[in-house]
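Novice: got a sequence here, can you build the structure:
(one chain, ligands or ions: 1)
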Amino acid sequence: MIQLYIPLNFLGVLYREIKQSLTDLDKMFGLLDREREVADAPGAPALQVRDGTVRFEGVHFAYDSGPNGRPILHDVSFEIPAGRTVAVVGASGAGKSTLARLLYRFYDVSGGRITIDGQDIRAVQQDSLRRAIGIVPQDTVLFNDTVGYNIAYGRPGATTDEVVAAARSAHIHDFIAATPQGYETMVGERGLKLSGGEKQRVAIARTLLKNPPIMVFDEATSALDSANERAIQAELRQVARGRSTLIIAHRLSTVVDAHRIVVLHQGRVAESGTHDQLLAAGGRYAQMWRLQQAGAEPE
Ligand code: ATP
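Specialist: Here you go, the predicted model:
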């Protein structure tokens, strides 16, 4: 028995190690089976985050860089001032999530550049870039492991107290504490199934532990019930406070308080401003807002 146990246990350890070295973001973006597109430039320095100002400067992008590649982003420029929240809105397929993928450098821009505190993200070590950015994805991938592990993943080595504090801030602690095995409860495909909102709270707790200066929130497309949605939005505002935050928004109710709203249309910035400015401008955003108020999905 003991002979069998040791190799199996070893495999378990190995499995955990491998799993830890993969990011859930790779999974989130469906990139697990793909070679990394980008590599560190030789001798690239670590990103130095001072106040966390993010700038998209004349960004062009096509997923397929060949001559027939369909351009997805055209000359996209905007800034996320340090500690501020910028929301990107636009129809499905406008290129919103692509912006997040480029900021995290899953792909390199085809033209223009993205900078953080003036440093081109292509010129710094990817690890340092990714340490500076926390992503709350649309659809959080949970590992087949304990809920505690899934939160602690935000900062390997975090203490139990830190994990619990993050879970409390993300308003998921009471839910976890009520399960028979608490933080040791297995979740994921082979464990306890969590709702979309609960999963997002786990992701928020992870991000709180990671404590990054820059955050990306990819709002879930599948609508949560409105009470849950309001609660998540409130938690999110708390997490976003003091961090440069990019919200990929699918519902306009999320963006009303953003410092700036960027309206993306077919890969271009159609207009940008605050909610009030955009309503007064009477353009695409105002039209989307009217449609949403009338109960229709903005498209
Ligand atoms: P949604 O609101 O539906 O999430 P979005 O505005 O976030 O949409 P993106 O996911 O950025 O849109 O996609 C923009 C365009 O890029 C779409 O036409 C999409 O089909 C295309 N696209 C997305 N991912 C890839 C990929 N990996 N390879 C090729 N094309 C892609």
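Novice: flag the shaky bits of the stretch 151-299 of the chain, pLDDT-wise.
Specialist: 220-226, 296-299 (pLDDT under 70).
Novice: now do the strands in it.
Specialist: With DSSP state E, counting those that start in this stretch, the ranges of strands along the stretch 151-299 of the chain come out as 214-218, 244-248, 260-265, 268-273.
Novice: adding distance to Arg131, write the ones you listed out as a markdown table.
Specialist: To be clear about C-beta, it is placed using only N, CA and C from the backbone, and glycine gets the same treatment. As requested, these are exported to a markdown table (distance: least, Cβ to Cβ, whole Å):
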| stretch | distance to Arg131 |
| --- | --- |
| strand 214-218 | 10 |
| strand 244-248 | 15 |
| strand 260-265 | 25 |
| strand 268-273 | 29 |
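Novice: looking at those, which is nearest to Ala91?
Specialist: strand 260-265 (7.2 Å; Cβ to Cβ).
Novice: mind listing what's buried in the closest one?
Specialist: By 16 or more other Cβ atoms under 10 Å, the buried positions in strand 260-265 come out as 260-264.
Novice: okay, now Pro156: neighbour count?
Specialist: Residues contacting Pro156 under the criterion other Cβ atoms under 10 Å number 9.
Novice: from Leu209, how far out is it?
Specialist: 10 Å (Cβ to Cβ, to the nearest Å).
Novice: now do the shared contacts for those two.
Specialist: Residues touching both Pro156 and Leu209 (Cβ atoms under 8 Å, 6 or more residues apart in numbering): there are none.
Novice: what's the helix or strand for the nearest residue to Gln119 once chain neighbours are set aside?
Specialist: Closest residue in space to Gln119, ignoring its immediate chain neighbours: Leu47 at 6.0 Å, by Cβ to Cβ, 6 or more residues apart in numbering. Leu47 is part of no helix or strand, with elements assigned from DSSP states H and E.
Novice: so what's the residue count around Leu47?
Specialist: 22.
Novice: Gly69 touches His60, doesn't it?
Specialist: No. Taking Cβ atoms under 8 Å as the definition, Gly69 is not a contact partner of His60, at 10.8 Å.
Novice: which residue sits closest to Asn144, ignoring its sequence neighbours?
Specialist: Gly188 (3.9 Å).
Novice: mind picking the two most distant members of the buried residues of strand 260-265?
Specialist: Based on Cβ to Cβ, the longest span within those runs between Arg260 and Leu264 and measures 12.9 Å.
Novice: now list whatever residues contact both of the two.
Specialist: Joint contacts of Arg260 and Leu264 (Cβ under 8 Å, 6+ apart) do not exist.
Novice: that older thread, more neighbours: which of Gly69 and His60?
Specialist: His60 (15 against 12).
Novice: mind listing what that one touches?
Specialist: Contacts for His60 (Cβ under 8 Å, 6+ apart) come out as 71, 73-76, 109-112.
Novice: for Leu102, same thing?
Specialist: By Cβ under 8 Å, 6+ apart, the contact set of Leu102 is 56, 59, 61, 73, 108-109, 114.
Novice: quick check on it: phi, psi?
Specialist: Backbone torsions of Leu102, given as degrees, to the nearest 10, read phi -70, psi -40.
Novice: any idea how far it lies from Gly58?
Specialist: 13 Å.
Novice: same check, this time on Arg101
Specialist: In this view, Arg101 and Gly58 are 18 Å apart by Cβ to Cβ.
Novice: what parts of this structure come near the ligand?
Specialist: Proximity of the chain to the ligand (Cβ under 6 Å from any ligand atom) is limited to residues 63, 72, 90, 92-98, 250.
Novice: among the residues you listed, who's most crowded?
Specialist: Among those, the one with the most neighbours (other Cβ under 10 Å) is Gly90, at 25 neighbours.
Novice: just give the nearest non-adjacent residue to it, would you?
Specialist: Spatial nearest neighbour of Gly90, chain neighbours left out: Leu264 (3.6 Å); criterion: Cβ to Cβ, 6+ apart.
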